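# model this:
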Amino acid sequence: MHDRSTTFSQPLPGNSRAQHSEGECLIAPQDTTTFNYSGHTARSGLGWLQGTVRGLLLHNVLLLNQQGLPLGLLHQAYWTRAGGKD
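Numbers count the residues shown, from 1 in each chain. Take a look at the predicted model:
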């Protein structure tokens, strides 16, 4: 498995630090997305998603305030899986 992961524990450049009031609830929704590149046979470094489907996976965690407005990206990771059917 090849993993590229980024966690933002330090503020990013350009005053992107999220600010919130004490007692305000923050929401951290997350989602994993698959990218199907089976039609791109010349690509290298792709893993297996399912059966003979080749591609990669991406997982994001956002930070939202109580009103649902985005405050930033907390975590992002993409990876490939070994194995599958040739």
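# and for Thr41, the neighbour number?
Applying other CB atoms under 10 Å, we find 8 residues neighbouring Thr41. Backbone N, C-alpha and C define where each C-beta goes, glycine included.
# quick one: secondary structure of it?
coil (DSSP: H, G, I helix; E, B strand; the rest coil).
# where does it land on pLDDT?
Predicted confidence (pLDDT) for Thr41: 80.
# likewise for Asp3?
Value for Asp3, per-residue pLDDT: 54.
# please pull up the helix or strand immediately following the helix or strand bottoming out on mean pLDDT in the chain.
When each helix and strand of the chain is scored by mean pLDDT, DSSP states H and E, strand 2-7 comes last, with a mean of 53. Using DSSP states H and E, the helix or strand that follows strand 2-7 in sequence is strand 30-36.
# quick one: strands adjacent to the helix or strand that that following strand is followed by?
Counting by DSSP H and E, the element after strand 30-36 in chain order, helix or strand, is strand 47-50. Within its sheet, strand 47-50 is paired with strand 53-64 (antiparallel), according to DSSP bridges.
# the helix or strand following the partner strand packs against which elements?
Going down the chain from strand 53-64, the next helix or strand is strand 70-80, by DSSP H and E. If contacts are counted by 3 or more CB pairs under 8 Å, 6 or more residues apart in numbering; DSSP states H and E, strand 70-80 sits against strand 2-7, strand 47-50, strand 53-64.
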